[in-house]
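> Structure for this input, please:
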Amino acid sequence: MRKLESRLSDLGFPVIAISADQPSALMESRDKHGLGYTLYSDGSLAAARAFGIVYQLDEDEVARYARYGIDLEAASGHSHHQLPVPSVFLVEPGGTIRWVYSNPDYKLRPDNASLLDAARKLAIPPPG
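Residues are numbered from 1 along each chain as shown. This is a model prediction of the structure:
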C-alpha cells in the first residue's frame, strides 16, 4: 500500500488501514515502516464485523500463534481470539464499496498492478 498510496489517492481512493492491533503497536509500525497513510485501531473488531470479515480462532490456532511469539490478547487488548480476514476495499466518498479483495490466507494479497488497475477502472473524477 505504501508504494501505491499516492496513485490510489490521485484516483479518489485515499489509503486507510484498519488493524486489530492496539494504537501503540500501530504507531510503532507506522514509524518503523515510514507509513504515511491513516491507521485506525479496531481491537474490538467492530469495523471488521461490519465488513463481515471476522473469524474465530480455535484453541489450537491461538496456541500456534503463541508458539510464534504472537500474543493475540496483548496485540488487540481483547480476549475474543478473533482476527479479521486480510482484505482490501475500494470505497467511493459516499461510502459505497466498489471493489473487494478478501482472502483468509494472509500470505495472498492482491498484487499492486491488479489493485491499481481496479482503481483506474473505478476512478472518481476530481471535482471541478
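> by contact count, what packs against the lowest-mean-pLDDT helix or strand in the chain?
Within the chain, no helix or strand scores below helix 23-33, which has a mean of 90 by mean pLDDT, DSSP states H and E. Applying 3 or more C-beta pairs under 8 Å, 6 or more residues apart in numbering; DSSP states H and E, one finds that helix 23-33 contacts strand 38-41. The way it works is simple: take the backbone N, C-alpha and C, and place the C-beta from them, glycine included.
> And the contacts of the strand it packs on?
Contacts to strand 38-41, defined as C-beta atoms under 8 Å, 6 or more residues apart in numbering, come from residues 14-23, 26-27, 29-30, 47.
> Tell me the helix or strand right after it.
helix 46-51 (DSSP states H and E).
> what sits opposite Val88 in the beta ladder?
Beta-bridge pairing for Val88 (DSSP bridges): Tyr101.
> Tell me which residues touch it, please.
Taking C-beta under 8 Å, 6+ apart, one finds Val100, Tyr101, Ser102, Arg109, Pro110, Leu115 in contact with Val88.
> Retrieve the pLDDT associated with the closest residue to Ser76 other than its chain neighbours.
The shortest distance from Ser76 to any non-neighbouring residue, by C-beta to C-beta, 6 or more residues apart in numbering, is to Gly43 (4.1 Å). On the pLDDT scale, Gly43 is placed at 94.
> before we move on, the earlier item: from the contacts of Val88, which single one is nearest Ile70?
Nearest to Ile70 among the contacts of Val88, counting by C-beta to C-beta, is Arg109 at 18.9 Å.
> ok, the closest one - how many residues close by?
Residues lying near Arg109 (other C-beta atoms under 10 Å) number 15.
> Contacts only, for the residue nearest to it when sequence neighbours are not counted.
Leaving aside its chain neighbours, Arg109 sits nearest to Pro86 (6.8 Å; criterion: C-beta to C-beta, 6+ apart). If you count contacts by C-beta under 8 Å, 6+ apart, Pro86 has them with Ser102, Asn103, Pro104, Tyr106, Arg109.
> so how far is Phe51 from Pro86?
Distance of Pro86 to Phe51, computed by C-beta to C-beta, to the nearest Å: 12 Å.
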